[in-house]
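Asker: Build me a model:
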Amino acid sequence: MFVATTIGIVGLGKLGMPTAIVMSQQGVQVRGYDLNPQRMTYDALAPYELDADRRGPLSAQLTATLPLSFCPLEEVVNNVRCVLVAVETPHGARYEGVTPLPETRADFSYDTLIAAIQAIAAAARQPLEIGVISTVLPGTVRSALLPAAGPHTVVYCPQFIAMGTVAYDLRHPEFTLLGYGDTKPVAVKETLELLRAVPAPTFEISYESAELAKVCYNTFIGAKVAVANVVQQMAQLTGASSADVFDVLRSATQRLASPSYIGPGMGDGGPCHPRDNIALSWLAGELGLGADLFTSIMLQRQAYIDWLGDQFVRAAGGRPLVLLGTAYKPGVPLETGSSSLLLANTLTARGRQVKIIRSPADPAGRDLGEQPVAVFIGCPAPEFLELSFPAGSVIVDPWHQVAQAADVEVLSIGEPW
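Answerer: Have a look, this model is predicted:
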């Protein structure tokens, strides 16, 4: 349970809006602001965000009595002592993971984040704690955000959430991470009390350590997915069963940590993970590390998708190609960092004609016709798994979720064909 307090949230996008709602549900008086007026309404809440129990949409719990108001920036910053900033730090389109990895690398763009902090500092008539949730690379807070904040205190407090389960993740954090300067500012109180109100281990460390911990957390997941992808690929090529291998690896909780992300599927995806690997590969070059682990992870991801494309074409045997689903995960209609979209782009670049059915809502997916087709399950949305496939079709399933049927052939990636 969050403490009863009043905070401001600047940036009401995919992270900021559900954060504002969840905190207000827990008794926090929240004043929200976004540069885009269309985001300053409950209508801006993404419909795929689930409630804190993951049993239904978060939107179903919105009531007129929630202590959440949308206000001009001046009203927000001058009626609170703590402002959380959830402004996006976008990467270029070539660095999101849906196209082949470019030879060049780049840091995130911080222009919008810096402008937001400058606007907060200029509007405030009293000392503020500015808690930055946005993902940044190490060194950014000290070099760019502190100068923008002027006399105000900056705390780096990234959140470890996933799209679709922001409410649950905020209520059940693995830990609380707070980054300070060389010494913890005496003034920091509001942010600390706010985020430590939910019981979890708390790490109070330097800006640089907190910045690095955040992006390494994301890229560690990418590394686990890369290992799982290699297992799936090698299992199929050697006649092993990837399902059996995954069972073994997931049980190794003493040395290999949690079983999460060790399982069948596509390459790592989403708005954070591929782009964070690419950004850290840029930083590795800037620091002269010599060996670039992060590029290696991304190259493995790309090689795996290339190989999946080969398997799809081989399995098709001349049948028309159909790709089902381009979202990066079921239940969240976002294509940012989607491995399935990378597969589609890769096949198109090879000159292959692919019918792409982006989501279950796509009318083209309701009737696949009567002639046999080759189907690749790019995103295992439940609606796709329940489709009736034409007799004689072949289904390539990297997720191991399509049931065998008498009149179609289901080929699970990582299992003997």
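Asker: Please enumerate the strands of the stretch 101-250 of the chain.
Answerer: 129-132, 153-156, 176-180, 202-206 (DSSP state E, counting those that start in this stretch).
Asker: oh sorry, the question was meant for the stretch 301-417 of the chain
Answerer: Under DSSP E, counting those that start in this stretch, the stretch 301-417 of the chain gives strands at 321-324, 354-357, 374-377, 394-397, 409-412.
Asker: Take the ones you listed and write them to CSV, including mean neighbour count.
Answerer: Using the backbone N, CA and C atoms, a C-beta is placed for each residue, glycine as well. Listed next are the strands of the stretch 301-417 of the chain as CSV, based on neighbours: other C-beta atoms under 10 Å:
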stretch, mean neighbour count
strand 321-324, 24
strand 354-357, 20
strand 374-377, 27
strand 394-397, 22
strand 409-412, 20
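Asker: before we move on, the earlier item: with mean pLDDT, distance to residue 302 and mean neighbour count as extra columns, can I get the strands of the stretch 101-250 of the chain in JSON lines?
Answerer: JSON lines is the format used below for these (pLDDT from 0 to 100; distance: least, C-beta to C-beta, whole Å; neighbours: other C-beta atoms under 10 Å):
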{"stretch": "strand 129-132", "mean pLDDT": "95", "distance to residue 302": "32", "mean neighbour count": "27"}
{"stretch": "strand 153-156", "mean pLDDT": "94", "distance to residue 302": "31", "mean neighbour count": "26"}
{"stretch": "strand 176-180", "mean pLDDT": "92", "distance to residue 302": "30", "mean neighbour count": "22"}
{"stretch": "strand 202-206", "mean pLDDT": "91", "distance to residue 302": "33", "mean neighbour count": "15"}
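Asker: out of those, nearest to residue 408?
Answerer: strand 176-180 (47.7 Å; C-beta to C-beta).
Asker: Return the distance of that closest one from the chain's centre.
Answerer: How far strand 176-180 lies from its chain's middle: 20 Å, per C-alpha atoms, centre = their mean, to the nearest Å.
Asker: Against which helices or strands is it packed?
Answerer: Using 3 or more C-beta pairs under 8 Å, 6 or more residues apart in numbering; DSSP states H and E, the elements in contact with strand 176-180 are strand 153-156, helix 190-196, strand 202-206, helix 207-238.
Asker: Highest mean neighbour count out of these?
Answerer: Of all the helices and strands packed on strand 176-180, strand 153-156 has the most neighbours on average by mean count of other C-beta atoms under 10 Å, namely a mean of 26.
Asker: Tell me how far residue 91 lies from residue 235.
Answerer: Remark: distance between residue 91 and residue 235 (C-beta to C-beta, to the nearest Å) = 33 Å.
Asker: ugh, typo on my part, it should be residue 318
Answerer: From residue 318 to residue 235 the distance is 26 Å (C-beta to C-beta).
Asker: helices or strands next to the lowest-mean-pLDDT helix or strand in the chain in the packing?
Answerer: Ranked by mean pLDDT, DSSP states H and E, the weakest helix or strand in the chain is helix 190-196, scoring a mean of 74. Packing partners of helix 190-196 (3+ C-beta pairs under 8 Å, 6+ apart): strand 82-85, strand 129-132, strand 176-180, strand 202-206.
Asker: 7 Å instead?
Answerer: Judged by 3 or more C-beta pairs under 7 Å, 6 or more residues apart in numbering; DSSP states H and E, the packing partners of helix 190-196 are strand 82-85, strand 129-132, strand 176-180.
Asker: What are the contacting residues of it?
Answerer: Contacts of helix 190-196 with the rest of the structure, by C-beta atoms under 7 Å, 6 or more residues apart in numbering, involve 2-3, 5, 7, 81-82, 129, 131, 155, 157, 176, 178, 202.
Asker: next one: that helix to chain centre, how far?
Answerer: Distance, centroid of helix 190-196 to centroid of chain: 24 Å (C-alpha atoms, centre = their mean).
Asker: same thing with stretch 128-140?
Answerer: 18 Å.
Asker: again, but for stretch 162-180
Answerer: On C-alpha atoms, centre = their mean, the centre of stretch 162-180 falls 13 Å from that of its chain.
Asker: What residues of that stretch count as buried?
Answerer: Buried residues in stretch 162-180, counted by 16 or more other C-beta atoms under 10 Å: 163-171, 173, 176-180.
Asker: Quote the end-to-end distance of that stretch.
Answerer: This stretch, stretch 162-180, spans 25 Å end to end (C-alpha to C-alpha, to the nearest Å).
Asker: Make residue 1 into 20 and carry on from there
Answerer: Yep, numbering from 20; the last one is stretch 181-199 now.
Asker: how many other residues sit next to residue 121?
Answerer: 11 (other C-beta atoms under 10 Å).
Asker: any idea how far it is from residue 366?
Answerer: 19 Å.
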